[in-house]
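A.B. asks: From the sequence below, what's the structure:
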Amino acid sequence: MRVDAARNVDAILRTGARLLAEDPSTSITAIAAEAGVSRRLVHRRFATREALHDAVVHTKLDAIDAVLADARLDSAPVAVALHRFVEGIISVVRRYPIDPEQMRDDAESYARILEQHGRIADFLRRAMNEGLIRTGLPDGMVQAQLRQIIALLAHQFPDHDPGKAADIAVDTLLSGMGRS
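C.D. replies: Take a look at the predicted model:
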């Protein structure tokens, strides 16, 4: 794909992700205008709003898979892997803010989401086994807390670069918010 064509597709996907997250009924015309491309160009790549939505979902899931691989959750030291994961995932969440709940309609996408959540759960169990996160918490609590910390830093504090946000997230998850 030519550089300008790739840039246009990226603009369409990013804009589509943002606008569809805000309003799932957003029109292709509105997405094209916001992305700075013609409606015809969007329709040439994505026949329908649903096709664009599916492309956004698959692009986000691909980006999450890349973050999971880059973080080396199964082999890097826990704190390092956690920081890599959080830094990467904050970038993905900001780039494609579509809510995972909007992805549940597609069985293939939902299966990928569950597989990704499983990899993260395995990693967090590893962090518990290595003593970086305390044990004895209710099942799923650490993963839910991590998800909330990431969402908060990604959406409520967009001025923090992903690396700084990851520093805060890792420190908060591993040390809490009390005085040391």
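
A.B. asks: Identify the residue nearest the most centrally placed residue in the chain in space, chain neighbours excluded?
C.D. replies: Centroid-nearest residue in the chain: Val93, 3.6 Å away (criterion: C-alpha atoms, centre = their mean). Leaving out its chain neighbours, the residue that sits closest to Val93 by C-beta to C-beta, 6 or more residues apart in numbering is Ala154, at 4.1 Å. In short, each C-beta sits where N, CA and C put it, glycine included.

A.B. asks: pretty sure the one you found contacts Ile168?
C.D. replies: No - counting by C-beta atoms under 8 Å, Ala154 sits too far from Ile168 to count as a contact (11.5 Å).

A.B. asks: Show me which of those two is the more surrounded one.
C.D. replies: A direct count of neighbours by other C-beta atoms under 10 Å for Ala154 and Ile168 places Ala154 higher, at 22 against 15.

A.B. asks: if I look at that one, how far off is Ser38?
C.D. replies: 31 Å (C-beta to C-beta, to the nearest Å).

A.B. asks: still on that earlier bit, who touches the residue nearest to the centre of the chain in this structure?
C.D. replies: Taking C-beta atoms under 8 Å, 6 or more residues apart in numbering, we find Val93 in contact with Ile150, Ala151, Ala154, His155.
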